[in-house]
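**Student:** coords below, sequence missing:
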């Protein structure tokens, strides 16, 4: 179970670290995230910015809790609980947006997640929920991170986190009818073109 626990902790910590960092790069990045929440039309306008701030704080807390060097399973279990709560809320929001058919993106990972919501975003969140649930169960027995578990699990978690963060590009790469170079970098201009055109 230590390998499963190490993988779950590292993968989720990296994913949430990337998500929080993408929103904390500066005011424009945070504003883009808040604007995307507003465009989802799921919250009253007056609470959009406070909710966006709370989401960023919670996302930043996940890596701290999951990778805390404190002994015992309690801190890690709290980290998995917070992760599960966030992922569940994000999943409900995605389902609501998909049901409406509104072309909205959440800017979950900044520019790396600028594509409108699709079923692959729902599948991503369900997979992350499974990882969080499995990790939470494993953390009840032992929250320690052995060297052997880290050596095997951390590289796999890094690859998994990269796939999660760049999911839109991966999907675009393998989608039929994707124009050449469309997945090479969102917002990158074709030769001689304007950025974002």
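**Tutor:** That came in fine, so what should we check first? Just so it is clear, the model here is predicted, and its values are computed rather than measured.
**Student:** can you point out the buried residues in the lengthiest helix in the chain?
**Tutor:** If you go by DSSP state H, the chain has its longest helix at helix 74-100. Buried residues in helix 74-100, counted by 16 or more other C-beta atoms under 10 Å: 75-80, 82-84, 86-87, 90-91, 93-94, 97-98. The way it works is simple: take the backbone N, C-alpha and C, and place the C-beta from them, glycine included.
**Student:** number of residues surrounding residue 106?
**Tutor:** 22 (other C-beta atoms under 10 Å).
**Student:** hang on, isn't it packed against residue 38?
**Tutor:** No. Here residue 106 does not reach residue 38: they are 11.2 Å apart, not a contact under C-beta atoms under 8 Å.
**Student:** next, residue 41: phi, psi?
**Tutor:** The phi/psi pair for residue 41 (degrees, to the nearest 10) reads phi 60, psi 40.
**Student:** my understanding was that it contacts residue 102; is that so?
**Tutor:** Yes. When contacts are counted by C-beta under 8 Å, residue 41 is listed as touching residue 102 (7.4 Å).
**Student:** give the contact list for residue 121.
**Tutor:** 94, 106, 167 (C-beta atoms under 8 Å, 6 or more residues apart in numbering).
**Student:** what about 10 Å?
**Tutor:** 90-91, 94, 97-98, 105-106, 108, 113, 115, 167-168, 171 (C-beta atoms under 10 Å, 6 or more residues apart in numbering).
**Student:** lowest-confidence entry in those?
**Tutor:** When the contacts of residue 121 are compared by pLDDT, residue 113 scores lowest at 61.
**Student:** what's around residue 28, how many residues?
**Tutor:** The burial count for residue 28: 9, using other C-beta under 10 Å.
**Student:** any idea how far it is from residue 20?
**Tutor:** Applying C-beta to C-beta, to the nearest Å, the value for residue 28 to residue 20 is 16 Å.
**Student:** same question for residue 96.
**Tutor:** From residue 96 to residue 20 the distance is 23 Å (C-beta to C-beta).
**Student:** then residue 68?
**Tutor:** 16 Å.
**Student:** between those two, which has more neighbouring residues?
**Tutor:** Taking neighbours as other C-beta under 10 Å, residue 68 and residue 20 compare with residue 20 leading, 19 against 16.
**Student:** helix or strand for residue 68, which one?
**Tutor:** Assigned by DSSP states H and E, residue 68 belongs to neither a helix nor a strand.
**Student:** shouldn't it be in contact with residue 78?
**Tutor:** Yes. With contact defined as C-beta atoms under 10 Å, residue 68 and residue 78 form a contacting pair (9.2 Å).
**Student:** quick check: closest non-adjacent residue to residue 43.
**Tutor:** residue 51 (5.9 Å; C-beta to C-beta, 6 or more residues apart in numbering).
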